[in-house]
Structures are given as structure tokens and as C-alpha cells.
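[1] One predicted model, sequence on top.
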Amino acid sequence: MDVIELLSELEDIIDKGFEIPFTKKTLVNKEQVMSLINDISIQLPDELRVAKSIAEDSKRIITDAQKQADAKVKEVENKILGLIDEHEITKKAVANANEIIAKAQKDGREIRLASLKFADDILEKVETDFKAVNERVKQCRSELRK
């Protein structure tokens, strides 16, 4: 069960609890509530591991993109060295190499930005989920204390 399902189950236990008349208090089964809170705390590290894995994947994608860009630059440099013999061919090669380098750098930037955006979006969702879980746990604890 994931954290959201566990919180839903906790809500159900609280909703089904015995309401004390003329008060805002509800009696619930302490063992059930404590068990669910324990299950939630066990689940949270899994979601943290997922977020960490996503961040690591992002770094790997960025590194791979940089390696591809470096390989393209090296390839262009080798082409330039092969074309130095003739002046006109050299001019064309330099222009072509500059285009390839610019494209490789642009592609590398785009891949890097896309992977950063992807990682940021996932981390933002995880952060939002954690905030919601934290708020719900605080609310449940507050209600339990009442």
C-alpha cells in the first residue's frame, strides 16, 4: 500500500470512530491508528528513494549528453584536421565544424534542460505529496489529541 492509501485508511478509521456527543472528539482504536502511522512512516523512505533515484537518473542523463557533445566536438576536430590540405575545403570545413559544434552544444543544453525540468517536476510532485502527507498526519495527530 502506498502512503496515500494508508492515509485514506486512517481517515476511514477516524470517520468510523465513536463520536462523543456534544464534543468534537472521536474515540478510535489506538492500535489500528498507531499501526497505520507506523506503516506510513515505513512507506515514506521508499518514496524518498524514488526521488533520489530520479535525481541520479537526471545526473546520468546530463553526463551522457555532455559525453555525446564532447564526442561530436572531437569528431568535428578530426574532420577539420583531415581537410586542412586545401584552402577552400578548409574554409568549408571550419564553417561546417562550427555549425556542428553549435548544434552539439545546443543539443547538449536542450537535453540537460529537459532532464533538469523532468527531475524538478518529479521532485516538485514528491514535495507536494510529502507536504500533503505531513499536513494530514499533523491533522490526524491533532484530532487524536483532542
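    Here it is on my side, so go on. Residues are numbered from 1 along each chain as shown.
[2] any chance you could map the helices in this structure?
    Using DSSP state H, the helices of the chain run over 3-15, 30-82, 87-145.
[3] now the last one against helix 3-15, angle please.
    Just to be clear, that refers to helix 87-145. Counting by axes from the mean of the first three to the mean of the last three CA atoms, to 10 degrees, helix 87-145 points 20 degrees away from the direction of helix 3-15.
[4] so for helix 87-145, what's the average pLDDT?
    In this model, helix 87-145 carries a mean pLDDT of 89.
[5] just checking, what packs against that helix?
    Under the contact definition 3 or more CB pairs under 8 Å, 6 or more residues apart in numbering; DSSP states H and E, helix 87-145 sits against helix 3-15, helix 30-82. C-beta here means a position set from N, CA and C on the backbone, and glycine is covered the same way.
[6] Just the C-alpha atoms of the first one, please, in CSV.
    Just to be clear, that refers to helix 3-15. Provided in CSV are the C-alpha atoms of helix 3-15 (Å, rounded to 0.1, in the frame of the first residue of the first chain):
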residue,chain,number,x,y,z
VAL,A,3,1.2,6.4,1.6
ILE,A,4,-2.0,7.9,0.1
GLU,A,5,-3.9,4.6,0.5
LEU,A,6,-2.6,4.3,4.1
LEU,A,7,-3.8,7.9,4.9
SER,A,8,-7.1,7.1,3.4
GLU,A,9,-7.4,4.1,5.6
LEU,A,10,-6.5,6.2,8.6
GLU,A,11,-9.2,8.7,7.6
ASP,A,12,-11.7,5.8,7.4
ILE,A,13,-10.8,4.6,11.0
ILE,A,14,-11.3,8.2,12.3
ASP,A,15,-14.6,8.6,10.4
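[7] Check which residues of that helix are buried.
    3, 6, 7, 9, 10, 13, 14 (16 or more other CB atoms under 10 Å).
[8] Would you mind giving these as a markdown table with distance to residue 110 and pLDDT added?
    As requested, these are exported to a markdown table (distance: CB to CB, whole Å; pLDDT from 0 to 100):
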| residue | distance to residue 110 | pLDDT |
| --- | --- | --- |
| 3 | 34 | 79 |
| 6 | 40 | 87 |
| 7 | 39 | 89 |
| 9 | 44 | 90 |
| 10 | 44 | 90 |
| 13 | 49 | 91 |
| 14 | 49 | 89 |
